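**Student:** the sequence isn't on hand, but the structure is:
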């Protein structure tokens, strides 16, 4: 089995799906000849031809609309948004059009598009590149939202996203692209959308995270185990829509305490939704309030201070301390 | 009418039966529109938008398309186009009453938001211009499958200011895709007049920036619209790329049943436009050529009235969707 980075696993998944199904198309800004600003589509135009892997003009909304037109006619477009922050330019085409196509037509038209976008903090990219805007997508019925935390999951989830009959937003954390390697099978495999993964079992407190925050959570949990002998259970959500509340609630019923981590700003996002659902489903099992450890409710800052702005391992430890003391 | 113009439709390759069919489609669109406004004023339909005044341009264009080959991504006034593509009076009324059997959306969408897979009509939405890049995507899909067809998309002149219009035109121009961009310039974007919408003289000029032809046609001249459309269709089928056709037309009714147009345009202007209405002028042309005899006209009007009556009665008694049906079709089951 090959060792792959997340970006290699993503390229590998795209390669496999292009080879398997001729309805799969790849397009966006700079994805063709250059292979993408992060090399995610490197070599794929050469292998599958300009008609299946192509560069579009620089016009995000037009690209989004193009994807919908192609999807309606039976293709499986995989469209790249160069940075997640640029999603505002094409938000109507995603949330207003593709995600509602099935509902609006009473099931006669569907738009099974995969939107890929790099995002996430910690790599010294400024505002609009690093933003975690996934909360915007959560209140979009008809859309699924996937955020992998490692190369293995990235491949299996991306293949599931492309094969899914609904539009799926697939978010790729930039910090994870090349920072870790993992064994990834060459052959295709799928990981079901909506199934969380317990990456570190524990009995004392539940830590819910996704994307890069999974690694921050595991690091904090390991340290706490060493220094305090307290075992945190870390859940990697993998998809935030659909949300695997069953896994979260089962864990909370066991640990009776929970914290939710996210890179995004605090209010009204994924973490807020998870806290709400924990209280709805498991309040009598809780020893204390569920805490959120997140970025503050301000605009994503410049690179020099982003490490302070994002939930740091220190802040996670302080959060855990607090939730255990309540 | 002079003798020379009397045979104009035959000179451009349209038979007497075809022009009568065109006229009937215009009359049916008008009759459905007027009935829906009446039903709205009677409190039976919640909302209506109108095609009134634009039927001639729509029908002239749509008859140059092939409903068994081409795709249309129409905007909300395109009743004339969707009738040509096989929607029936009953379909239109079911949509107006928002009944379960409405083929567009099962009562989920506003009237005028046409969409039917079997009739090759793409479903639309309320923010204007979103259908334009969809039509371009459909044209690219056809190109990839080596299918020889045209995709048509329409919009008002106000919508030609949206980014989606420009982004879609640009992509279609780069790829030389078989698209007809049809701008129904009725001079008002709800209340805002053309001069406050665009800085150029003609919407058709915008095509030049995208590397394909743009033409401006009198939208009340049904045969001229047909000819321009046919040229555009042939160009598209020959792989030469898109065309922007702008028709100068007029919206006789207010924007919608909730709009009061008296605050932004004079009655004189509207009355003057009514004189130039294609239903009036095309009817006169057909009478002058002898194609539309008094007997035929009476029979046609009677038939249309009957069709609209039947459609109204059917749609009015048809059941609404069950409330729980509004929760379905969000994700694949």
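**Tutor:** Now that the structure is in, tell me what you want to look at. Computed from a predicted structure; not experimentally measured. Residues are numbered from 1 along each chain as shown, chains lettered A, B, ... in the order given.
**Student:** and the strands in chain B?
**Tutor:** B:71-73, B:151-156, B:179-185, B:188-189, B:192-193, B:214-218, B:243-248 (DSSP state E).
**Student:** residues in contact with the fourth one: which ones?
**Tutor:** Judged by Cβ atoms under 8 Å, 6 or more residues apart in numbering or on different chains, the contacts made with strand B:188-189 from elsewhere in the structure are B:156-159, B:194, B:197, B:251, B:255, B:261, B:264-265. No exception for glycine: its C-beta is placed from N, CA and C like everyone else's.
**Student:** which residue does the stretch 201-326 of chain A bring closest to chain B?
**Tutor:** Closest residue of the stretch 201-326 of chain A to chain B, Cβ to the nearest Cβ: residue A:242 (8.5 Å).
**Student:** what's that residue in contact with, if anything?
**Tutor:** A:144, A:193-194.
**Student:** swap in 6 Å and give it another go.
**Tutor:** residue A:194 (Cβ atoms under 6 Å, 6 or more residues apart in numbering or on different chains).
**Student:** check residue A:259 too.
**Tutor:** A:207, A:291, A:293, A:319, A:323.
**Student:** dump those residues into TSV; add distance to chain B and pLDDT as well.
**Tutor:** Output for these, formatted as TSV (distance: Cβ to the nearest Cβ, whole Å; pLDDT from 0 to 100):
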residue	distance to chain B	pLDDT
A:207	29	98
A:291	31	96
A:293	31	97
A:319	34	92
A:323	34	92
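**Student:** my guess is residue B:95 contacts residue B:103, does it?
**Tutor:** No. With contact defined as Cβ atoms under 6 Å, residue B:95 does not reach residue B:103; the gap is 7.5 Å.
**Student:** these two - which one has more neighbours?
**Tutor:** Shown here are residue B:95 and residue B:103; by other Cβ atoms under 10 Å in any protein chain shown, residue B:95 has more neighbours (28 against 23).
**Student:** separation between the more buried one and residue B:110?
**Tutor:** 9 Å (Cβ to Cβ, to the nearest Å).
**Student:** one step back: what subset of the contacts of residue A:259 is buried?
**Tutor:** Buried subset of the contacts of residue A:259 (neighbour count, 16 or more other Cβ atoms under 10 Å in any protein chain shown): A:207, A:291, A:293, A:319, A:323.
**Student:** in helices, which of those fall?
**Tutor:** A:319, A:323 (DSSP state H).
**Student:** which bits of the stretch 51-200 of chain B sit near chain A?
**Tutor:** Proximity of the stretch 51-200 of chain B to chain A, by Cβ under 6 Å from any Cβ of the partner chain, involves residues B:105-106, B:109, B:115, B:117, B:123, B:127, B:130, B:133-134, B:136-138, B:141, B:163-164, B:167-168, B:170-171.
**Student:** circling back: save the strands of chain B as CSV, and put in mean pLDDT and mean neighbour count too.
**Tutor:** Putting the strands of chain B into CSV (pLDDT from 0 to 100; neighbours: other Cβ atoms under 10 Å in any protein chain shown) gives the following:
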stretch, mean pLDDT, mean neighbour count
strand B:71-73, 98, 29
strand B:151-156, 98, 29
strand B:179-185, 98, 29
strand B:188-189, 96, 20
strand B:192-193, 95, 12
strand B:214-218, 98, 19
strand B:243-248, 98, 27
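**Student:** dump these to JSON lines, plus distance to residue B:318.
**Tutor:** Output for the strands of chain B, formatted as JSON lines (distance: least, Cβ to Cβ, whole Å):
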{"stretch": "strand B:71-73", "distance to residue B:318": "25"}
{"stretch": "strand B:151-156", "distance to residue B:318": "28"}
{"stretch": "strand B:179-185", "distance to residue B:318": "30"}
{"stretch": "strand B:188-189", "distance to residue B:318": "34"}
{"stretch": "strand B:192-193", "distance to residue B:318": "37"}
{"stretch": "strand B:214-218", "distance to residue B:318": "39"}
{"stretch": "strand B:243-248", "distance to residue B:318": "35"}
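**Student:** ok, the spatially most central residue of chain B - contacts?
**Tutor:** In chain B, the centroid-proximal residue (Cα atoms, centre = their mean) is residue B:78; its distance is 2.3 Å. For residue B:78, the contact set (Cβ under 6 Å, 6+ apart) comprises B:58, B:154.
**Student:** report pLDDT for it.
**Tutor:** pLDDT recorded at residue B:78 is 98.
**Student:** equivalent analysis for the one 4 residues further on, please.
**Tutor:** pLDDT, the model's per-residue confidence, is 98 for residue B:82.
**Student:** that one and residue B:221, how far apart?
**Tutor:** Counting by Cβ to Cβ - residue B:82 and residue B:221 are separated by 22 Å.
**Student:** neighbour-wise, which of those two wins?
**Tutor:** residue B:82 (27 against 22).
**Student:** the strands of chain B: which one's closest to residue A:262?
**Tutor:** Nearest to residue A:262, of all the strands of chain B, is strand B:71-73, at 38.7 Å by Cβ to Cβ.
**Student:** mind giving me the packing neighbours of that closest one?
**Tutor:** helix B:131-144, strand B:151-156 (3 or more Cβ pairs under 6 Å, 6 or more residues apart in numbering or on different chains; DSSP states H and E).
**Student:** looking at these, which is nearest to residue A:249?
**Tutor:** Per Cβ to Cβ, nearest to residue A:249 of the helices and strands packed on strand B:71-73: helix B:131-144, 40.5 Å.
**Student:** now do the contacts for the residue in chain B positioned nearest to chain A.
**Tutor:** Going by Cβ to the nearest Cβ, chain A is nearest to residue B:137 of chain B, at 1.9 Å. Counting by Cβ under 6 Å, 6+ apart, residue B:137 touches A:66, A:69-70.
**Student:** just checking, which of these belong to helices?
**Tutor:** Going by DSSP H, the helices hold A:66, A:69-70 from the contacts of residue B:137.
**Student:** now, which of these lie close to chain B?
**Tutor:** Filtering those for neighbours of chain B using Cβ under 6 Å from any Cβ leaves A:66, A:69-70.
**Student:** let me know the closest of those residues to chain B.
**Tutor:** Using Cβ to the nearest Cβ, residue A:69 is the member of those that sits closest to chain B, with 1.9 Å.
**Student:** burial count for residue 169?
**Tutor:** This is for chain A. Counted with other Cβ under 10 Å, residue A:169 comes out at 29.
**Student:** I was thinking of chain B, sorry if that wasn't clear
**Tutor:** With other Cβ under 10 Å as criterion, residue B:169 counts 26.
**Student:** surely it and residue B:208 touch.
**Tutor:** No. If you go by Cβ under 6 Å, residue B:169 and residue B:208 don't touch, sitting 10.6 Å apart.
**Student:** that older thread, most neighbours, which of the contacts of residue B:137?
**Tutor:** The contacts of residue B:137, ranked by neighbours (other Cβ under 10 Å): first place residue A:66, 32 neighbours.
**Student:** could you check how far that residue is from residue B:307?
**Tutor:** In terms of Cβ to Cβ, residue A:66 sits 38 Å off from residue B:307.
**Student:** near chain B, which residues of chain A?
**Tutor:** So chain A meets chain B at A:57, A:59, A:61-62, A:65-66, A:68-70, A:73, A:75, A:92, A:97, A:102-109, A:141-142, A:165-166 (Cβ under 6 Å from any Cβ).
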